[in-house]
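Chemist: Pasting a predicted model and its sequence here:
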Amino acid sequence: MKLADVTIYTDGASKGNPGPGGYGTILMSGIHSKELSEGYLLTTNNRMELLAVIVGLEALKIAPCNVTIFSDSRYVVDAVEKQWVHSWYKNNFKKKKNRDLWIRYLNIAQKHNIKFVWVKGHNGNIYNERCDHLAVQAAESSNLKEDTWYVQNAADDDLFS
């Protein structure tokens, strides 16, 4: 059985770091495409970059798929492609930020064959530019959600740096 090929473009944004933030995600497979975005009251750019990937993967209705994820986030791409996230997991994310999202990523990622590709941001890639627009628009919207984990753990940031 041939696996479905899916392309996902992602971007995250925050107005201040921390500050209001949002993510933008575009999923594409064959002639089908879908855009996803959402904004948060108080979050960080890296959280939104990672959440964009997670939401894209969680939106897939069948598994496994061959997924290529394009991101301008070195934080996300390097953590996965250089397998840092697996070392972080083995060390219970000691002194690492965004533990909640990395665990969520690892849980969904095991269902698919995933390859990450880093793209330079703001460099004319139409899908990356569209994701950036979606992320910024979400961060600036009047309907912002609370990034509960971040808000509850921001005061203990030294524990996660």
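Modeler: Thanks, I have the structure now. This is a predicted model, so every value here is computed, not measured. Numbering: from 1, shown residues only.

Chemist: give the contact list for the residue most central in space within the chain.
Modeler: In the chain, the residue lying closest to the centroid (Cα atoms, centre = their mean) is Leu50, at 2.6 Å. Applying Cβ atoms under 8 Å, 6 or more residues apart in numbering to Leu50 gives the contacts Gly12, Ser73, Tyr75, Val76, Asn98, Leu101, Trp102, Tyr105. (Each C-beta comes from the backbone N, C-alpha and C, glycine too.)

Chemist: end to end, how far does stretch 106-126 reach?
Modeler: Stretch 106-126 has an end-to-end distance of 28 Å (Cα to Cα, to the nearest Å).

Chemist: mean confidence for that stretch?
Modeler: Stretch 106-126 shows a mean pLDDT of 95.

Chemist: ok, and what's touching that stretch?
Modeler: 3, 11, 54, 57-58, 60, 63-74, 76-78, 80-81, 85, 89, 128-129, 132.

Chemist: ok, back up a step: if you go by neighbour count, which of the contacts of Leu50 are buried?
Modeler: Among the contacts of Leu50, those classed as buried by 16 or more other Cβ atoms under 10 Å are Gly12, Ser73, Tyr75, Val76, Asn98, Leu101, Trp102, Tyr105.

Chemist: Pull out the buried positions in whichever strand or helix holds the fourth one.
Modeler: For Val76, the element it lies in under DSSP states H and E is helix 74-81. By neighbour count with 16+ other Cβ under 10 Å, helix 74-81 contains the buried residues Tyr75, Val76, Val77, Ala79, Val80.

Chemist: So what touches that helix?
Modeler: By Cβ under 8 Å, 6+ apart, helix 74-81 touches 10, 46, 49-50, 53, 71, 84-85, 88, 102, 105, 109, 114, 116-118.

Chemist: Quick one: mean pLDDT for that helix?
Modeler: 97.

Chemist: Enumerate the positions of whichever helix or strand comes after that helix that are buried.
Modeler: Downstream of helix 74-81, the first helix or strand assigned by DSSP H and E is helix 84-90. Using 16+ other Cβ under 10 Å as the test for burial, helix 84-90 gives Val85, Trp88.
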